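**Q** Next comes the sequence, and after it the predicted model I'd like to discuss.
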Amino acid sequence: MPDIISLLPDHVANQIAAGEVVQRPSSVVKELLENAVDAGSTDIQLIVQDAGKTLVQVVDNGKGMSYADARLAFERHATSKIKMAEDLFDLHTMGFRGEALASIAAVSQVEMKTRPNADEVGTELRINGGKVDDQKACQTAAGTSIAVKNLFFNIPARRQFLKSDNVENRHIIDAFQHVALANPHVGFRFIQNNNEIFHLPEGNLRQRITSIFGKKYNERLVPVDETTDVVKLTGFVLKPEYARKTRGEQFFFVNDRFIKNGYLHHAVNHAFEHLIRSEEHPSYFLYMEIDPKRIDVNIHPTKTEIKFDDEKAIYAIIRSAVKHALGQFNVAPSLDFDSNVGDIPVPDHSRPVVPPSIQVDPNFNPFNSDVTPSRSAASSRETGSSSFKREPVDQNWKDLYTQREESSKEMQIDANLEHHEPKGQVCFQLDMRYVITKIKSGLVAIHQQRAHRRIQYEKFVRLLQDHHAPSQQLLFPINVHLPGGDLEEVKALNDTLHRLGFELEFSGQQAIVQGVPMNLSESDIQSVLEQLVEDMKNEADVFRNDLTHAMAKSLSRHASIKNGKRLEDEEMHHLINELFACQMPYSDIFGQPIVVQIGTEDLDKKFNV
Ligand code: ADP
Ligand code: MG
């Protein structure tokens, strides 16, 4: 029998390999741009015609190639970036498989001109479908220009597979943005069908983001910066109010390479929980620096997916760093409260954010003689919110300070504030919905319902985390009638409810409420319990996974003052106090804004001043 096995010619093998690396014009863009960055360029130009179907060209001012290297660069497994297998684990450059140029040349017509700065003459090379047509000396600028023409000209099936120009252009822009965002210190230009569509001067990351996405991004960015043993994390997230329904800008970079990672994306989403709606996506530009030994970048041919040794730790770091960044931004507001008025405690921005300690007086007893009956259960029934009237406001102010000082010795409250009577602060209610007050640079409007929901939510979370909450004994127990199944649900939750301050007894189809959490008013009890059962049934998964937050969310939803309720001065002051003692005073549990600032400049604009 004759021999039938033969080795594939190189150019055929390259064509097959090309299938992995070169999927569409944007793959060429990515490989050429990354090579140009690796070559130490400071100025890179991308020129594209017809969505890359007729031309993708990259011109750089990097280190160039010698005559011999120019030829070798197009051999498979030709790379200047690794010498031994071990080097694979210690790579800081972009490409390292040494097959991009060979693959690209196998499926297109390539013209390259290159010259190292120190050489007088450069090299010109033409390759057609993987075969070298011509190589000669030439005059050319220092650096390298590679033009890739007529991609897939020799594989009609692949060429037909390309999508419309719009779709391919979108992929090209993505690839360009990924490299440009990963390398803000390099200048880039992008010329599409003879129009310059991006001109990105070299700069820092903030400048790079704004030159790609527009100046308005400048004020949307919240910096993230966290260094740990495992990873150094820097970059920006967008303020929650700019989250989008469609996936917006989501960029992870590892050692300056764009990557996709659904698991880490989830970590960011998790950090935005309660700040944005569930159908919205946060935008972020996050950069990780990790010892290359701890990652394996090469698991995917186009290298956007990577494996980490310690993915769980990185998840936790990302989540807490982003949360921390958002917390800083929320707690240290741009609101700039007027310290002359001194009504609102402003945390010291430079100090670590410390969650406020529990603000319920454990010794509180509604039957104490210094608290008149009108301030206890009876009055909460009228006001619909016991938390407002329990103590005189002045007392509250002092408490707020002492508690904060206790909670963090480091946290100093502006001495100024103590000399001011909160009652001096002007605030009023607008349309029974908004509390308006003055700050240094204008006015703020506070959405009363959302504000109180946020306050209640954080209180319930603290109560649940503190394990043992004081209870407000009811003078007259309340019977709450619940259908059979629902009663069982409540019984099952009895321990947790007890931790919150509920004291329940069960008899027949009734739950007899003897005591309730301090921040709950009697009139809300029935609806709060009914709603809790309802939410538990509808969101069983959420309750199973995160009982504390699910309970707090449910309870706060129905135990807060509503729009349309008139607030007394004292109540408004108390609301403002408590709101700004919250960890996240600026958006409610559904990600809606709570506070809106109307600056002097806004008024100036209205008056054409
Ligand atoms: P890799 O980037 O994985 O090494 P490539 O096929 O992309 O493989 O490139 C092969 C080699 O060609 C690179 O290692 C580098 O030495 C050289 N090279 C490619 N592009 C450039 C460029 N723009 N400037 C200088 N050298 C380049
Ligand atoms: Mg490369």
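**A** Ah, there it is. Numbering: from 1, shown residues only. Ligands and ions are numbered 1, 2, ... in the order given.

**Q** wait, what's in contact with P223?
**A** Residues counted as contacts of P223 (CB atoms under 8 Å, 6 or more residues apart in numbering) are T234, G235, F236, A325. Backbone N, C-alpha and C define where each C-beta goes, glycine included.

**Q** what about it, is that helix, strand or coil?
**A** Classification of P223 using DSSP: H, G, I helix; E, B strand; the rest coil returns strand.

**Q** The strand ranked longest in the chain pairs with which strands, parallel or anti?
**A** Criterion DSSP state E: the longest strand present in the chain is strand 471-481. According to DSSP bridges, strand 471-481 has the following sheet partners: strand 510-517 (antiparallel).

**Q** buried sites along the strand it pairs with?
**A** If you call a residue buried by 16 or more other CB atoms under 10 Å, then strand 510-517 has these buried ones: A511, V513, G515, V516, P517.

**Q** Please apply the same query to stretch 434-446.
**A** The neighbour-count criterion (16+ other CB under 10 Å) identifies Y434, V435, I436, T437, I439, S441, G442, L443, V444, A445, I446 as the buried residues of stretch 434-446.

**Q** Check whether the second one really touches L575, as I assumed.
**A** Yes: taking contacts as CB atoms under 8 Å, V435 lies within contact range of L575: 6.2 Å.

**Q** Tell me which residues are up against stretch 213-221.
**A** Stretch 213-221 is contacted by residues R206, I209, T210, F236, V237, L238, K239, Y242, E249 when judged by CB under 8 Å, 6+ apart.

**Q** quick one: average pLDDT of stretch 570-590?
**A** When pLDDT is averaged over stretch 570-590, the result is 86.

**Q** which parts of it are buried?
**A** Neighbour-count burial for stretch 570-590 [16+ other CB under 10 Å]: 570-589.

**Q** what does stretch 151-168 give?
**A** Residues L151, F152, F153, N154, I155, R158, L162, E168 are the ones in stretch 151-168 that count as buried (16+ other CB under 10 Å).

**Q** what do V435 and L575 both touch?
**A** Residues touching both V435 and L575 (CB under 8 Å, 6+ apart): I446, Q448, A451, L567.

**Q** Just the CA trace of the longest helix along the chain, in PDB.
**A** Longest helix in the chain by number of residues, with DSSP state H as the criterion: helix 311-331. The C-alpha atoms that make up helix 311-331 are tabulated as PDB, following Å, rounded to 0.1, in the frame of the first residue of the first chain:
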ATOM      1  CA  GLU A 311     -10.400  34.100  41.800                       C
ATOM      2  CA  LYS A 312     -12.500  34.200  45.000                       C
ATOM      3  CA  ALA A 313     -10.100  36.500  46.800                       C
ATOM      4  CA  ILE A 314     -10.100  38.800  43.800                       C
ATOM      5  CA  TYR A 315     -13.900  38.800  43.700                       C
ATOM      6  CA  ALA A 316     -14.000  39.800  47.400                       C
ATOM      7  CA  ILE A 317     -11.400  42.500  46.900                       C
ATOM      8  CA  ILE A 318     -13.200  44.000  43.900                       C
ATOM      9  CA  ARG A 319     -16.500  44.000  45.600                       C
ATOM     10  CA  SER A 320     -15.200  45.700  48.800                       C
ATOM     11  CA  ALA A 321     -13.000  48.200  46.900                       C
ATOM     12  CA  VAL A 322     -15.900  49.300  44.700                       C
ATOM     13  CA  LYS A 323     -18.300  49.500  47.700                       C
ATOM     14  CA  HIS A 324     -15.700  51.500  49.600                       C
ATOM     15  CA  ALA A 325     -15.200  53.800  46.700                       C
ATOM     16  CA  LEU A 326     -19.000  54.300  46.300                       C
ATOM     17  CA  GLY A 327     -19.300  54.800  50.100                       C
ATOM     18  CA  GLN A 328     -16.600  57.500  50.000                       C
ATOM     19  CA  PHE A 329     -18.400  59.200  47.200                       C
ATOM     20  CA  ASN A 330     -21.700  59.000  48.900                       C
ATOM     21  CA  VAL A 331     -20.700  59.800  52.400                       C
END
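
**Q** same for that helix, what does it pack against?
**A** The elements that helix 311-331 packs onto, with contact taken as 3 or more CB pairs under 8 Å, 6 or more residues apart in numbering; DSSP states H and E, are strand 221-227, strand 232-238, helix 262-271, strand 284-289.

**Q** what's the closest non-adjacent residue to V461?
**A** Sequence neighbours aside, A552 is the residue nearest to V461 in space, at 4.6 Å (criterion: CB to CB, 6 or more residues apart in numbering).

**Q** So for the buried residues of stretch 434-446, which is the shakiest by pLDDT?
**A** Comparing pLDDT over those singles out S441 as the least confident position, at 74.

**Q** wouldn't that residue be in contact with T600 here?
**A** Yes: at 5.6 Å, S441 counts as touching T600 under the criterion of CB under 8 Å.

**Q** pretty sure V56 belongs to a strand, no?
**A** Yes: assigned with three-state DSSP, V56 falls within a strand.

**Q** how's this structure carved up into domains?
**A** Per automatic domain parsing, the structural domains of the chain span 10-203, 206-330, 407-609.

**Q** now these in TSV, with distance to P2?
**A** As requested, the domains of the chain are arranged in TSV below (distance: least, CB to CB, whole Å):
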stretch	distance to P2
domain 10-203	21
domain 206-330	36
domain 407-609	66
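
**Q** quick one: terminal-to-terminal distance for stretch 158-173?
**A** For stretch 158-173, the first and last residues are 21 Å from each other (CA to CA, to the nearest Å).

**Q** residues making contact with it?
**A** Contacts of stretch 158-173 with the rest of the structure, by CB under 8 Å, 6+ apart, involve 19, 24-26, 29, 48, 50-53, 56, 107, 151-153, 190, 192, 197.

**Q** rewinding a little: which of the shared contacts of V435 and L575 fall in helices?
**A** The subset of the shared contacts of V435 and L575 located in helices under the criterion DSSP H comprises Q448, A451.

**Q** top of the shared contacts of V435 and L575 by neighbour count?
**A** Ranked by the number of neighbours (other CB atoms under 10 Å), the shared contacts of V435 and L575 place Q448 first, at 26 neighbours.

**Q** out of the contacts of stretch 158-173, which are buried?
**A** Buried subset of the contacts of stretch 158-173 (neighbour count, 16+ other CB under 10 Å): 24-26, 29, 48, 51-53, 56, 107, 151-153, 190, 192.

**Q** how about the residues you listed, which pair is most distant?
**A** Spanning the widest gap among the buried ones among the contacts of stretch 158-173 are F153 and F190, at 23.7 Å by CB to CB.

**Q** is ligand 1 contacted by stretch 122-138?
**A** No: with CB under 6 Å from any ligand atom as the threshold, stretch 122-138 lies outside contact range of ligand 1, at a closest distance of 11.3 Å.

**Q** Flag the shaky bits of the stretch 1-150 of the chain, pLDDT-wise.
**A** Segments of the stretch 1-150 of the chain classed as low confidence (criterion: pLDDT under 70) are 6-9, 11-20, 77-97.

**Q** Strands along that one, start to end?
**A** 43-49, 55-60, 109-115, 122-128, 131-138, 143-149 (DSSP state E, counting those that start in this stretch).

**Q** closest one to Q429 among the ones you listed?
**A** strand 43-49 (57.2 Å).

**Q** buried ones in the closest one?
**A** D43, I44, Q45, L46, I47, V48.

**Q** bridging residues for the third one?
**A** On the basis of DSSP bridges, Q45 is bridged to V59, R189.

**Q** gap between the two ends of stretch 145-163?
**A** Counting by CA to CA, the length from the leading to the trailing residue of stretch 145-163 is 27 Å.

**Q** and it, how far from the chain's centre?
**A** For stretch 145-163, the separation from the chain centroid amounts to 38 Å (computed by CA atoms, centre = their mean, to the nearest Å).

**Q** Does ligand 1 have contacts with that stretch?
**A** No: Stretch 145-163 stays clear of ligand 1 (CB under 6 Å from any ligand atom), getting no nearer than 6.5 Å.
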